[in-house]
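Asker: Build me a model:
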Amino acid sequence: MALLDATPALPAPALSRHLPLALVLLAAFVAVPLAGSDYLINAILLPFLALSLAGLGLNLLTGYGGQLSLGSAAFMAVGAFAAYNLDLRLDGLPLPVTMILAAATAAAVGLVFGIPSLRLRGYYLAVSTLAAQFFVQWALTKFGWFSNHSASGVISAPALQVVGIGLDTTLGRYYLALVTVTLVTALVWRLVSGPEGANLIAVRDNETAAKVIGVPVLRTKL
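Answerer: Predicted coordinates for the structure are as follows:
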């Protein structure tokens, strides 16, 4: 009697698993700059990349964490205005350092609003984040220092440079946004694939059960 082949099926090769992602990155980094027009990049792709950053944060907060938020735009505005003022007022500050400090500023403001809201859930949490949205909008409009006393409140980014390379062209801004989105996506993927991601999902699914099994609920929410 012939023995059945008990050899387990081999997993799909790494190349086939990562090929779609590699093709997307190749198209984004090579094909678009070669074939895309200035209109396509400025009017469609740059706003798309900016909103992708917002989507990554909202997906982490709401999708994985289960926390309903209506104030994500406020914290993006804090980061944008912080980067603008850091670059404007601290001459010679490298752009990567500016971006990291701006992200830290947005995170600090998020903590200010987040700590009082730790025990809120559902619609109550959504209302508290909406209040944060209105407060940040009021503060940025009320105090002209944030916009360098621009009459319209609209800010324009100063000259962008990384290691002496100018990024004021359409392609320069595109590559800056694309690299930023790629790095943040990798960081978020790393986060949700590790213990912190498991904690987020546990808190989302059942906060009481998560607390019983030892998940630090309050720290995870922050």
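
Asker: To what extent is Val212 buried, counted in neighbours?
Answerer: A total of 9 residues lie near Val212 under the criterion other CB atoms under 10 Å. Using the backbone N, CA and C atoms, a C-beta is placed for each residue, glycine as well.

Asker: Over to Leu160?
Answerer: Leu160 has 16 nearby residues by other CB under 10 Å.

Asker: wait, what's in contact with it?
Answerer: By CB atoms under 8 Å, 6 or more residues apart in numbering, the residues touching Leu160 are 95, 166-168, 172-173, 176.

Asker: per-residue confidence at Ser69?
Answerer: On pLDDT, Ser69 comes in at 84.

Asker: wait, is it part of a strand?
Answerer: No - applying DSSP: H, G, I helix; E, B strand; the rest coil, one finds Ser69 to be coil, outside a strand.

Asker: Give me the phi and psi for it.
Answerer: Backbone torsions of Ser69, given as degrees, to the nearest 10, read phi -130, psi 140.

Asker: contacting residues around it?
Answerer: Ser69 is in contact with 58, 61-62, 125-126, 129, counting by CB under 8 Å, 6+ apart.

Asker: Tabulate the residues you listed in TSV, adding columns for distance to Leu40, pLDDT and neighbour count.
Answerer: Below are these laid out as TSV (distance: CB to CB, whole Å; pLDDT from 0 to 100; neighbours: other CB atoms under 10 Å):
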residue	distance to Leu40	pLDDT	neighbour count
Leu58	25	88	16
Leu61	31	85	18
Thr62	30	86	14
Leu125	38	84	20
Ala126	36	84	16
Thr129	34	88	23
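
Asker: Give the rounded mean pLDDT of the helix ranked longest in the chain.
Answerer: With secondary structure taken from DSSP state H, the chain has its longest helix at helix 170-192. Per-residue pLDDT values across helix 170-192 average out to 91.

Asker: Next: stretch 215-222.
Answerer: For stretch 215-222, the mean per-residue pLDDT is 78.

Asker: all strands for the protein, in order.
Answerer: 161-162, 165-166 (DSSP state E).

Asker: and the gap between Thr141 and Val154?
Answerer: 11 Å (CB to CB, to the nearest Å).

Asker: who has more neighbours, those two?
Answerer: Taking other CB under 10 Å, Thr141 and Val154 do not tie; Thr141 has more neighbours (11 against 7).

Asker: Spatially nearest residue to the more buried one, not counting backbone neighbours?
Answerer: Nearest non-adjacent residue to Thr141, counting by CB to CB, 6 or more residues apart in numbering: Gly153, 5.8 Å away.

Asker: can you pull the contacts of that neighbour?
Answerer: 140-141, 147.

Asker: since we're on Trp189, how many residues are nearby?
Answerer: Using other CB under 10 Å, Trp189 has 12 neighbouring residues.

Asker: mind giving me the domain ranges of the protein?
Answerer: Using automatic domain parsing, the domain ranges for the chain come out as 68-155, 159-222.

Asker: remind me which residues of the chain are low pLDDT?
Answerer: 1-16, 163-165 (pLDDT under 70).
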